[in-house]
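Participant: please work out how this folds:
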Amino acid sequence: MNDFLQKLFPNKNGKDRPYDLPLHRGNGGWLLSWIIALMTYMIIVSVALFMIVNNISDQWTSGLDGRLTIEINHDIAQRKDTQSNIDEFLQSAENTDGITAQRLSDTDIFSLIEPWFGGALAADDLPLPILIDVEFIGPTNQQQQAMADIQALVDTHIPEARIDTHQQWLNSILAISKTLQLIALTLAMIILFTAIAAILGATKTHLALHEDKVDILHMIGANDSYIAKQFQKQTFHLAAEGSFLGFVFVVITFWSLKSGFQSMEQSFIPQFEFGLLNWIIIALLPYFIALVAMFTSRLTVMRSLKSLV
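Facilitator: Numbering: from 1, shown residues only. Take a look at the predicted model:
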């Protein structure tokens with residue numbers, strides 16, 4: 001595996017990387033690469049989870065924002081005067097500024113609940129209510145007045161109806177979404193700090209192993225920055241190898257999940273697609289992790305060398 005990674009990340013001159021310190025010789029660098037690969041995988045999955053939850057939440061809330069539903073239960077819907085009252089309500093709503101109202105057909109209503117029954121029942125088998133979908137089409141600052149107008153029309157024409165503003169549903173969705181996003185980001189940060197701690201420990205170990213050689217470099221005039229550059233270059237290469245592997249594992253995971261979801265009942269699975277910005281962020285994360293590893297190694301070496309002076 002290490003030979004394969006070296007082919008993916010060769011030097012410009014195609015030879016072994018030039019080091020004044022033998023950091024590349026059997027120092028267990030492959031272990032650090034695999035650790036970073038695992039950390040990269042978990043970080044990208046956590047960030048992807050954050051994006052997925054955000055996208056699904058936006059889809060659900062955007063479909064309900066600025067809308068309400070008027071429900072008339074099945075028993076009341078059977079009354080002779082109910083249909084005429086509904087027609088009068090719809091006519092009055094049409095003449096009200098900033099409001100559009102439309103009665104849903106039984107087919108539309110049944111399509112909303114059909115996935116929960118798996119096609120075992122027909123629309124005629126259920127006591128379906130009458131639903132009226134109301135949308136506010138005016139400016140946002142006038143929705144409060146439009147809501148009052150709708151309430152007045154309902155009280156006048158169909159007082160037995162129930163108005164559902166979806167506010168409780170929206171609040172629940174937003175609360176769950178924010179909680180999941182916070183968990184995903186917290187997990188990503190914990191994993192990142194764990195990776196930094198692993199890199200810090202590995203760098204200190206390598207520095208201790210090559211302490212005599214570092215002293216020789218100091219004696220011949222090498223400064224701390226030059227020595228730190230030796231470590232940071234090696235760490236960046238190992239981190240790049242590991243983060244690349246982690247990214248490959250993520251791609252395989254995403255492809256497997258997508259293939260699995262396509263074979264499942266789509267009605268129960270929220271639909272989501274990553275946008276261009278989402279993919280750019282995911283693609284840049286491995287490079288970001290490699291840079292974090294490099295700077296962590298450099299700062300660790302610089303601080304350790306200063307303490308030896």
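Participant: contacting residues for residue 92?
Facilitator: 153, 156, 157 (CB atoms under 8 Å, 6 or more residues apart in numbering). For every residue, glycine as well, the C-beta is placed using N, CA and C.
Participant: I'd guess it is in a helix, am I close?
Facilitator: Yes - assessed with DSSP: H, G, I helix; E, B strand; the rest coil, residue 92 lies in a helix.
Participant: and it, how far from residue 156?
Facilitator: 8 Å (CB to CB, to the nearest Å).
Participant: repeat for residue 184
Facilitator: 48 Å.
Participant: swap in residue 187?
Facilitator: Taking CB to CB, one finds residue 187 at 53 Å from residue 156.
Participant: these two: which is more packed in?
Facilitator: residue 187 (17 against 12; other CB atoms under 10 Å).
Participant: what does stretch 33-46 contact?
Facilitator: 2, 5, 184-185, 187-188, 191-192, 194-195, 198-199, 238-239, 241-247, 249-250, 253, 282, 285-286, 289, 293.
Participant: repeat that for 7 Å
Facilitator: Applying CB atoms under 7 Å, 6 or more residues apart in numbering, the external contacts of stretch 33-46 come out as 5, 184, 187-188, 191-192, 194-195, 198, 238-239, 241-243, 245-247, 249-250, 282, 285-286, 289, 293.
Participant: what's the mean pLDDT across whichever helix in the chain runs longest?
Facilitator: Assignment by DSSP state H gives helix 167-209 as the longest helix of the chain. When pLDDT is averaged over helix 167-209, the result is 88.
Participant: show me what it is packed against.
Facilitator: helix 29-64, helix 224-262, helix 276-308 (3 or more CB pairs under 7 Å, 6 or more residues apart in numbering; DSSP states H and E).
Participant: mind running it again at 6 Å?
Facilitator: In terms of contacts (3 or more CB pairs under 6 Å, 6 or more residues apart in numbering; DSSP states H and E), helix 167-209 is packed against helix 29-64, helix 276-308.
Participant: average pLDDT for the longest one?
Facilitator: Along helix 29-64, the predicted confidence averages to a pLDDT of 86.
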